[in-house]
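In: Just need the structure, nothing else, for what follows:
(one chain, ligands or ions: 1)
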Amino acid sequence: MEPQIIDHYNELPHSINVIDKMNEELSEAQKETNKLKEELEKYKMMNLYIPKINITLINKEQYIDYMELFDEIKENIRNHLYIYKENGLIADEEYDLKKACENSCKLVEILFNGLNDRGANLNISREWCEYRIDNALDKFKSLVKLQNYWWENMIKDSICNDIIEMIIEEIIDGNDYEIKLYECLRIKCDKCNHVFTIEGGDIIDEKKWICWDCSECSDS
Ligand SMILES: [Zn+2]
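Out: Got it, this is the predicted structure:
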């Protein structure tokens, strides 16, 4: 005789214990479902506060141009952040992080104009740029306290440049849970035709953009 599902639950078939065991399992599954539902709701709530970013499909001819555009935006942000590096009272150089945060709208302008001006055509909303800059600077708010610490600004000398580079990284790449700026671009693999973010492959022979999977296949 073939084993039946009922045998799995009970050595004595057709006993009431089978139903008890099944109910127990059902209740476990329901608990798990409810937990996942709650988590899903939490993520949905979180996403309400993150404006949507527009995704643009580019071709391989545009690839280099956009790489240069992102470098240019990064450089403009860097140049702006260096404005707040001043001669210090005790140290040679001090960083006015408070002023940099207060003037966040200037960083929003740089980001917004960079992503949308002069044929960039990425259609990234000002709302998203504001979110991105505010979110990046928020991570450094506690450091502002060090600026008025005791009798001198603790953000000084080589720390100034470190802070500037960290802010730039937060704006361009975000943290592990945030979208990287370049992820607003998608490109099609010339071999498998699947669409990837631009970090999912590279230009081969200056002619083709090939995803990592396809380039590994052609190597071997
Ligand atoms: Zn491919």
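
In: send the alpha carbons of the one helix or strand Ile163 maps to over as PDB?
Out: Secondary structure from DSSP states H and E places Ile163 in helix 158-172. C-alpha atoms of helix 158-172 as PDB (Å, rounded to 0.1, in the frame of the first residue of the first chain):
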ATOM      1  CA  SER A 158      42.700  66.500   7.300                       C
ATOM      2  CA  ILE A 159      39.300  65.600   8.800                       C
ATOM      3  CA  CYS A 160      37.800  68.400   6.700                       C
ATOM      4  CA  ASN A 161      38.600  66.500   3.400                       C
ATOM      5  CA  ASP A 162      37.500  63.200   4.900                       C
ATOM      6  CA  ILE A 163      34.100  64.700   5.800                       C
ATOM      7  CA  ILE A 164      33.700  66.200   2.300                       C
ATOM      8  CA  GLU A 165      34.400  62.900   0.600                       C
ATOM      9  CA  MET A 166      32.000  61.100   2.900                       C
ATOM     10  CA  ILE A 167      29.200  63.500   2.200                       C
ATOM     11  CA  ILE A 168      29.900  63.100  -1.600                       C
ATOM     12  CA  GLU A 169      29.700  59.400  -1.200                       C
ATOM     13  CA  GLU A 170      26.400  59.600   0.600                       C
ATOM     14  CA  ILE A 171      25.000  61.800  -2.100                       C
ATOM     15  CA  ILE A 172      26.300  59.700  -5.100                       C
END
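
In: Next secondary structure after the helix or strand where Leu40 lies?
Out: Here Leu40 is covered by helix 16-48, with elements defined by DSSP H and E. Later in the chain than helix 16-48, the nearest helix or strand by DSSP H and E is strand 56-58.

In: Quick check: buried residues in that next one?
Out: 56, 58 (16 or more other C-beta atoms under 10 Å). Bear in mind the C-beta positions are built from the backbone N, C-alpha and C, glycine included.

In: can you check stretch 160-173 too?
Out: Applying 16+ other C-beta under 10 Å to stretch 160-173 flags 160, 163-164, 167-168, 170-172 as buried.

In: do stretch 72-92 as well
Out: Quick answer for stretch 72-92 (16+ other C-beta under 10 Å): 73-74, 76-77, 80-81, 84-85, 88, 91.

In: May I see these organised as JSON lines, with secondary structure and distance to the ion added?
Out: Shown next, in JSON lines, are the buried residues of stretch 72-92 (DSSP: H, G, I helix; E, B strand; the rest coil; distance: C-beta to the ion, whole Å):
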{"residue": "Ile73", "secondary structure": "helix", "distance to the ion": "28"}
{"residue": "Lys74", "secondary structure": "helix", "distance to the ion": "28"}
{"residue": "Asn76", "secondary structure": "helix", "distance to the ion": "34"}
{"residue": "Ile77", "secondary structure": "helix", "distance to the ion": "33"}
{"residue": "His80", "secondary structure": "helix", "distance to the ion": "38"}
{"residue": "Leu81", "secondary structure": "helix", "distance to the ion": "38"}
{"residue": "Tyr84", "secondary structure": "coil", "distance to the ion": "44"}
{"residue": "Lys85", "secondary structure": "strand", "distance to the ion": "45"}
{"residue": "Gly88", "secondary structure": "coil", "distance to the ion": "53"}
{"residue": "Ala91", "secondary structure": "coil", "distance to the ion": "52"}
